[in-house]
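**Q** Dropping the sequence and predicted coords here.
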Amino acid sequence: MENGKKKIILSGIQPTGQLTIGNYIGAMKNFVRLQNDYETLYMVVDLHALTVPQDPKELRHKTLSVIAQYIAVGLDPDKNNLFIQSHVTGHTELTWILGCLTGLGELSRMTQFKDKSSKPGASINAGLFTYPILMASDILLYNADFVPVGEDQKQHVELTRDIAVKFNYRYSDTFTVPEPIIPKSGARIMDLQNPLAKMSKSDTGGTGRIALIDDPNIVAKRIKSAVTDSGMEIKFSEGDEKAGIRNLLTIYSNLTDTPVSELEDKYIGKGYGDFKKDLADIVVEKLTPIRNKHDDLMKNKDYLETVLRKGASAAQDKAWRMLSKVYRKVGLVQASR
Ligand code: AMP
Ligand code: TRP
């Protein structure tokens, strides 16, 4: 805290697919940890989701479901600003201004764009390309100091920093230059069936991922059938061969807040089977209350709407203030209202 003012934390998750334990361990666990000491803004970034084709009805459902999962993992709506990106005017407006400062070269270096656009049959629309500018706007609109994200978003936060610095240099000090908060362990949880690929909430098939609201029987089955190797020892070691067991140890360690070395000691002389059985119990125990709370909240849309109204209204006040400052700085004539 500086001058009695809390520092600002902001992050967002796309309402596409099902939130996974990767999202939880890489990002949401930090959202929860940080909620007491900072002013926090956590969004569901529905506009980002439109960069790939979405079924409108499903998108509406998933957007509310992510809000319900935010609350279900432990974010208190009284302590945090929980809101939907499209409920606040300013994100897309700022995107235009910042887009006029962002080089095509910078955007084409983004790994997420390269990955998404190189998938067979991908439709590469302009939104997919300019997506990181919308993310920069999300962050800079609220003067966020810190952005808790998983490893894959680090590059986007770095681009945000570059854009902020460029704007500040050209138009005088305006934006806080944000820093990412990336967990030391668990910033990249891998697919259980292909531990060399990131666990993703939108890949089809899905046997390699665990959603926060999956059925407990499915959760247990997926852990027990996770790919490991032909070895015996439960050890965190480098190398592609060991990626499966390394990933399971990371999940176990993060869900129980136990150092990996302690887990290695605990499982000396035991086999992968025992280890996976225990881990399956742990994951089920962790997720069951989240799933139940989510299901209850989804039956109470009035409550969710109250939370969202409050979140959007607080965010909108901040967004107007920043947007009018930016408009003034770049030389747009202030509208008289
Ligand atoms: P997304 O699913 O792309 O909307 O990501 C939401 C947040 O979860 C971002 O901060 C990501 O970096 C993080 N995240 C997504 N997948 C993983 C994963 N497999 N491991 C760790 N963090 C992840
Ligand atoms: N691009 C992020 C992702 O895919 C989601 C996101 C959008 C975000 N706006 C943000 C994350 C602002 C942090 C801050 O995961």
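**A** Noted; the coordinates are in hand. Numbers count the residues shown, from 1 in each chain. Ligands and ions are numbered 1, 2, ... in the order given.
**Q** Around ligand 2, which positions in the chain sit nearby?
**A** 10-12, 14, 45, 48, 135, 138-139, 147, 149, 153, 156 (C-beta under 6 Å from any ligand atom). (Glycine included, C-beta is placed from N, CA and C.)
**Q** What subset of these is buried?
**A** Buried members of those, scored by 16 or more other C-beta atoms under 10 Å, are 10-12, 14, 45, 48, 135, 138-139, 147, 149, 153, 156.
**Q** which non-adjacent residue is nearest the residue of the stretch 1-150 of the chain found nearest ligand 1?
**A** Ligand 1 sits closest to Gly26 of the stretch 1-150 of the chain, with a gap of 2.0 Å, by C-beta to the nearest ligand atom. Nearest non-adjacent residue to Gly26, counting by C-beta to C-beta, 6 or more residues apart in numbering: Gly150, 3.0 Å away.
**Q** Hmm, the one you found is touching Tyr24, no?
**A** No: applying C-beta atoms under 8 Å as the test, Gly150 and Tyr24 come out as separate, 10.1 Å apart.
**Q** These two: which has the busier surroundings?
**A** Tyr24 (26 against 21; other C-beta atoms under 10 Å).
**Q** which residues does that one contact?
**A** Val73, Leu212 (C-beta atoms under 8 Å, 6 or more residues apart in numbering).
**Q** how far away is it from Gly103?
**A** Going from Tyr24 to Gly103 by C-beta to C-beta, to the nearest Å gives 35 Å.
**Q** Over to Ser123?
**A** Counting by C-beta to C-beta - Ser123 and Gly103 are separated by 24 Å.
**Q** same deal with Lys277?
**A** 52 Å.
**Q** Same check on Asn81?
**A** From Asn81 to Gly103 the distance is 32 Å (C-beta to C-beta).
**Q** cool, Asp317 as well?
**A** Where Gly103 is concerned, Asp317 sits at a distance of 32 Å (C-beta to C-beta).
**Q** low-scoring stretches of the stretch 151-300 of the chain, by residue?
**A** Filtered on pLDDT under 70, the stretch 151-300 of the chain yields the residue ranges 203-205.
**Q** one more time with 80, if that's ok
**A** Scanning the stretch 151-300 of the chain with the threshold set as pLDDT under 80 gives 202-205.
**Q** tell me the helices in it, going along the chain?
**A** All helices of the stretch 151-300 of the chain, identified by DSSP state H, counting those that start in this stretch, fall at 154-171, 216-224, 243-256, 260-266, 272-298.
**Q** Mind giving me the packing neighbours of the second one?
**A** Read that as helix 216-224. Packing partners of helix 216-224 (3 or more C-beta pairs under 8 Å, 6 or more residues apart in numbering; DSSP states H and E): helix 272-298.
**Q** which parts of the helix it packs on are buried?
**A** For helix 272-298, burial by neighbour count (16+ other C-beta under 10 Å) applies to 272, 275-276, 278-280, 282-284, 286-287, 290-291, 293-294, 297-298.
**Q** Equivalent analysis for stretch 119-135, please.
**A** For stretch 119-135, using 16+ other C-beta under 10 Å, the buried residues are Leu128, Phe129, Thr130, Tyr131, Pro132, Ile133, Leu134, Met135.
**Q** With stretch 94-107 instead?
**A** So, applying 16+ other C-beta under 10 Å, buried residues of stretch 94-107: Leu94, Thr95, Ile97, Leu98, Leu101, Thr102, Glu106, Leu107.
**Q** mind checking how far it is from the chain centre?
**A** 22 Å (C-alpha atoms, centre = their mean, to the nearest Å).
**Q** Over to the residue of the stretch 1-150 of the chain closest to ligand 1: give its phi and psi.
**A** Note on Gly26: backbone dihedrals following degrees, to the nearest 10 are phi -80, psi -30.
**Q** Quick check: it touching Ser185?
**A** No: taking C-beta under 8 Å as the definition, Gly26 is not a contact partner of Ser185, at 10.1 Å.
**Q** Can you pick out the residue with more neighbours from these two?
**A** Higher neighbour count among Gly26 and Ser185: Gly26, with 25 against 13, using other C-beta under 10 Å.
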